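*Asks:* One predicted model, sequence on top.
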Amino acid sequence: MDPEITEKIMQEMAISKTTLIDIEGVPMLQSISDVWDTIYNFQARDGDVVVVSYPKSGTTWTQEILDLILQDGVVEKSMRAPCFVRVPFLEMAYTSLEVANSMPSPRLLKTHLPVHLMPPSFWEKNVKIVYVARNPKDCLVSYYHFHKMDNTMPDPGTWENFFSTFLSGNISWGSWFDHVIGWWNSKGKHQILYVFYEDMIEDPQREIQRVMRFLGKDLPEEVLQKIQHHTSFSSMKANPMVNYDVLLPSVLDTSISTFMRKGTVGDWKNHLLVSQNILFDEEYKKKLDGSGLSFRTEL
Ligand code: A3P
C-alpha cells in the first residue's frame, strides 16, 4: 500500500476540528459533520464486511481478527499497511473514504456510527456487520485515557467531569447506552453478529471461531491458533501495524498514554469512586432493564 496514503490520513487527522456538532441527536466531531453528506451517501458493495462499535470497545482487536480471517490467517498480508489504511474508518478522515472507494472487494470497513446514522446503502446491500460491545465502565475508563492522548478529541477535563459527560451522552459518537441498545435491537433485522469484549477476553478461540463461521469461512485449527496468537494483547501491543505508534504525536500523544493500554476487564475498579459506581449502576439499570442486553464488568 502507498505510504503516501498513511501520511495523508495522518495529516488530515492532525488538523481535525474537535468541536462537537449535533447530527440527528448525536454529538459528532466537527470534522465528521463537515463531510457528513459524503459519509451518509457512501456506497456499500456486495461482499463488504463492517466492524462496528462504540469507541474503545475492542474495535482494533476485532478488525485485526477479521482481516486475518479474510486473509486465511496469512500474517504477512495483515502487515501490508497500518490498520487504519487496511480497514478504512468511514467517518474519520476524508481520505479514508477515498481509500475505501478505490479498494478492491471484498472490503473490510470500520465505523463507530450509531445504527440510525448508518449510510442506507449498507442495508440495501445487506452487508455482514460484526458489532463489538464492551461493558460501559471499562469503556468509560478507556475513553477517558484516549481523550487525554488523542488530540482529535475534545479536552476531557477532569476525571469527575468526564464521568458526568460520559453518563450524559454528550460525547463523541453519543451515548454508550443508545449505541449498544440501538445495534442490539437491529440484530434480528440484518446480518449482524453481536460480540462482547469480555467474551473475547474469556475465550478468544471460541469467539474467533464464531466470527469465522459468520463470515462463511472454515479455517483449520492451526490457522485459528495462529490468528489467536497474532491478535493477543501482547502481540498487538508490539505490532506497529496496529498499535497506532505510527501516528504523529500531534494526533496521538503516546507520552500521555498508549493506545494498547491495559486490555483487561475490570480496570474501572481502579478509577470509579464508590459514589460514582452507585450512580453508574443506577443509570445502567434504568437504561438497560428490559432490553435483553447485559454486560459483565468482571470475569
Ligand atoms: P484499554 O484502554 O482498556 O486498554 P478500540 O480499538 O475500540 O479503540 O479499543 C481500544 C481498547 O481495546 C483498549 O482498551 C485496548 O487496550 C484494547 N485492546 C486492543 N487490542 C486488544 C487485544 N488484543 N486484547 C485485549 N484488549 C485489546
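*Replies:* Noted; the coordinates are in hand.
*Asks:* lowest-confidence helix or strand of this protein?
*Replies:* helix 3-14 (a mean of 81; mean pLDDT, DSSP states H and E).
*Asks:* gap between the residue most central in space within the chain and the ligand?
*Replies:* By CA atoms, centre = their mean, the chain has its centre lying nearest to Thr59, at 3.2 Å. Distance, Thr59 to the ligand, by CB to the nearest ligand atom, to the nearest Å: 3 Å. For glycine as for every other residue, the C-beta is placed from the backbone atoms N, C-alpha and C.
*Asks:* Quick check: that residue touching Tyr131?
*Replies:* No: in this structure, Thr59 is not within contact of Tyr131 by CB atoms under 8 Å, at 10.2 Å.
*Asks:* Now do the shared contacts for the two.
*Replies:* Ser53 (CB atoms under 8 Å, 6 or more residues apart in numbering).
*Asks:* Up against the ligand, what does the stretch 151-299 of the chain have?
*Replies:* By CB under 6 Å from any ligand atom, the residues of the stretch 151-299 of the chain that approach the ligand are 231-233, 236, 260-263, 267.
*Asks:* if we go to 8 Å?
*Replies:* Contact residues, the stretch 151-299 of the chain versus the ligand (CB under 8 Å from any ligand atom): 197, 200-201, 204, 231-233, 235-237, 242, 257-264, 267.
*Asks:* Please flag which of these sit within helices.
*Replies:* Judged by DSSP state H, helices contain the following of these: 197, 200-201, 204, 233, 235-237.
*Asks:* ok, and the most crowded of these?
*Replies:* Tyr197 (26 neighbours; other CB atoms under 10 Å).
*Asks:* and the residue in the stretch 101-250 of the chain positioned nearest to the ligand, what element?
*Replies:* At 3.3 Å from the ligand, Ser142 is the closest residue in the stretch 101-250 of the chain, using CB to the nearest ligand atom. Here Ser142 sits within helix 136-149, counting by DSSP states H and E.
*Asks:* can you map out the strands along the stretch 101-250 of the chain?
*Replies:* With DSSP state E, counting those that start in this stretch, the ranges of strands along the stretch 101-250 of the chain come out as 108-111, 128-133, 192-196.
*Asks:* Just checking the longest one against the ligand, any contact.
*Replies:* In other words, strand 128-133. Yes: for strand 128-133, a contact with the ligand is found by CB under 8 Å from any ligand atom, at Val132.
*Asks:* Now do that strand: distance to the chain's middle.
*Replies:* Put simply, strand 128-133 sits 9 Å off its chain's centre (CA atoms, centre = their mean, to the nearest Å).
*Asks:* One more: the last one?
*Replies:* Taking CA atoms, centre = their mean, one finds the center of strand 192-196 at 13 Å from the center of the full chain.
*Asks:* can you start the count at 40 instead of 1 from here on
*Replies:* Yep, numbering from 40; the last one is strand 231-235 now.
*Asks:* and it, what other elements does it pack with?
*Replies:* In terms of contacts (3 or more CB pairs under 8 Å, 6 or more residues apart in numbering; DSSP states H and E), strand 231-235 is packed against strand 167-172, helix 215-224, helix 243-253.
*Asks:* Which stretch among these is buried most, on average?
*Replies:* With neighbours defined as mean count of other CB atoms under 10 Å, the helices and strands packed on strand 231-235 peak in mean count at strand 167-172, which reaches a mean of 24.
*Asks:* Output that strand as CSV, nothing but the C-alphas.
*Replies:* C-alpha atoms of strand 167-172 as CSV (Å, rounded to 0.1, in the frame of the first residue of the first chain):
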residue,chain,number,x,y,z
LYS,A,167,-22.3,-8.5,7.1
ILE,A,168,-21.7,-6.5,10.2
VAL,A,169,-19.7,-7.6,13.3
TYR,A,170,-20.7,-5.4,16.3
VAL,A,171,-18.4,-5.5,19.3
ALA,A,172,-19.6,-4.2,22.6
